[in-house]
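A.B. asks: Can you look at this prediction? I've put the sequence above it.
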Amino acid sequence: MKRIVGLLAAAVCLAQAAEKIAGGPMVVNLKGRSATVVWVVEQGSAKLGTTPGAIDKSAPALEVRQTSFSGLAPGKTYYYDVDGSDAGKGSFKTPPSGAEPFEFVVFGDTRTRHDVHRRVIASILKYSEPEFVLHSGDLVSDGYDSAQWPVFFDIERELLRKIAFYPALGNHERNNRQFYDFFQVGTPYYSFDWGTAHFIVLNSDLGNAASTPSAKEAFWQAQKTWFEEDLKASQKASYRFVIAHHPPMTAVSRRQAGNPEMAALLPLFDKYKVTAGFFGHDHNYQHYLKDGIHYVVSGGGGAPLYDVANPPAGITVKATSVEHFCRIRMNGDTAKVAAIGVDGAVLDEFELHASK
Ligand SMILES: [Fe+2]
């Protein structure tokens, strides 16, 4: 009997080991003392063609595996193993309890030019040691397409398995369910704390947020109310950061004044003393300073570059059309932001200061 049980256990182990990991593992929803480990497995595939037997496309059947841990200690590195294989191992660090130094990265618009996306990830791994990563949206070209997600996950594998990941929803995700499932996002806008800093992730993709104009308006109002409440509740934080896909201002000629809803939120940034906003959507690097608040567009993760031909007068610090990521080194009352190109060149550098 013991032998049969042993054989069965071995068979289960083999079956588990044989599962192909198509995404992750990665840590998401890391909030205070709890974290969720997610990995995506491929369970077969489906083929598609316009005539029987003529196969044009194939897409994997993806299944999300996730498990949550609580009772974690602050400022500790934890190592996880989801299936006993090398591909199933990863680590993450929990947020510190106080104002200890930490580092995070912001980048986005990784949806196309996979070779460039790969170089940006290599650059992050080479020039930064982030504890977490904020993706400013447009992870893939079409969030509905199950064939695209394993490509994204393959390129980001070595980064995702050593950080906590917080993505913003881009228009190319098309508000698809897969985004919510992979990253265990309950609502498309959320917030979290890291040490004494507060982070708010908004869903600026109003176009896909609902199907009718009145439902879109209701969504935006609900998000705005939540945003203000969250800002109000975070006034004791030493830094407040806002991340969203669509920028409130841009140097891209054809997109000026293209995101009026985001621009209309700026009085809340002022009123509740946001330290800096990070955005994507425009495939370049832009840095503005307006009424003491830094606004950064970081959309240089791989998608084809856009011009910066019309930088808004009076507020532009830097605008350059180049692939990059942003590294933020937090150290007590001062934080250093650097925009870094794929070759390690520092494109822009500035300091942030904690709220008094
Ligand atoms: Fe976009």
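C.D. replies: Yep, that arrived.
A.B. asks: what about residue 47, how many neighbours?
C.D. replies: Number of residues near residue 47 (other CB atoms under 10 Å) recorded here: 11. Heads up, the C-betas are built off the backbone N, CA and C, glycines and all.
A.B. asks: Use 42 as the first number for this chain going forward.
C.D. replies: Sounds good: first residue 42 from here, last item residue 88.
A.B. asks: Could you double-check that it lies in contact with residue 98?
C.D. replies: Yes. Judged on CB atoms under 8 Å, residue 88 makes contact with residue 98 at a distance of 6.9 Å.
A.B. asks: After the strand ranked longest in the chain, heading C-terminal, what element do we hit next?
C.D. replies: Looking across the chain with DSSP state E, the single longest strand is strand 75-89. Using DSSP states H and E, the helix or strand that directly follows strand 75-89 along the chain is strand 98-110.
A.B. asks: That following strand pairs with which strands?
C.D. replies: Using DSSP bridges, the strands paired with strand 98-110 in its sheet are strand 75-89 (antiparallel).
A.B. asks: tell me which residues of the strand it pairs with are tucked away?
C.D. replies: With burial defined by 16 or more other CB atoms under 10 Å, the residues of strand 75-89 counted as buried are 76, 77, 78, 79, 80, 81, 82, 83.
A.B. asks: Which residues are in contact with whichever residue of the stretch 242-391 of the chain sits closest to the ion?
C.D. replies: When distances are taken as CB to the ion, the stretch 242-391 of the chain approaches the ion most closely through residue 322, which lies 3.9 Å from it. Applying CB atoms under 8 Å, 6 or more residues apart in numbering, one finds that residue 322 lies in contact with 149-150, 177-179, 211-212, 245, 286-288, 300, 338, 340.
A.B. asks: Out of these, which one has the weakest pLDDT?
C.D. replies: Ranked by pLDDT, those bottom out at residue 300, which scores 94.
A.B. asks: Run the contact check for stretch 208-215 versus the ion.
C.D. replies: Yes. Stretch 208-215 lies within reach of the ion by CB under 5 Å from the ion, at 211, 212.
A.B. asks: Show me which residues of the stretch 42-191 of the chain are close to the ion?
C.D. replies: Residues of the stretch 42-191 of the chain lying close to the ion by CB under 5 Å from the ion are residue 179.
A.B. asks: For whichever residue of the stretch 42-191 of the chain sits closest to the ion, what is the enclosing helix or strand?
C.D. replies: Closest residue of the stretch 42-191 of the chain to the ion, CB to the ion: residue 179 (4.3 Å). For residue 179, there is no host helix or strand (DSSP H and E).
A.B. asks: Export the host helix or strand of residue 240 to PDB, keeping only CA atoms.
C.D. replies: Taking DSSP H and E as the definition, one finds residue 240 inside strand 238-242. As requested, the backbone C-alpha atoms of strand 238-242 are provided in PDB (Å, rounded to 0.1, in the frame of the first residue of the first chain):
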ATOM      1  CA  ALA A 238       5.700  56.300   0.400                       C
ATOM      2  CA  HIS A 239       2.200  56.000  -1.000                       C
ATOM      3  CA  PHE A 240       1.500  54.800  -4.600                       C
ATOM      4  CA  ILE A 241      -1.700  55.200  -6.500                       C
ATOM      5  CA  VAL A 242      -2.300  53.400  -9.700                       C
END
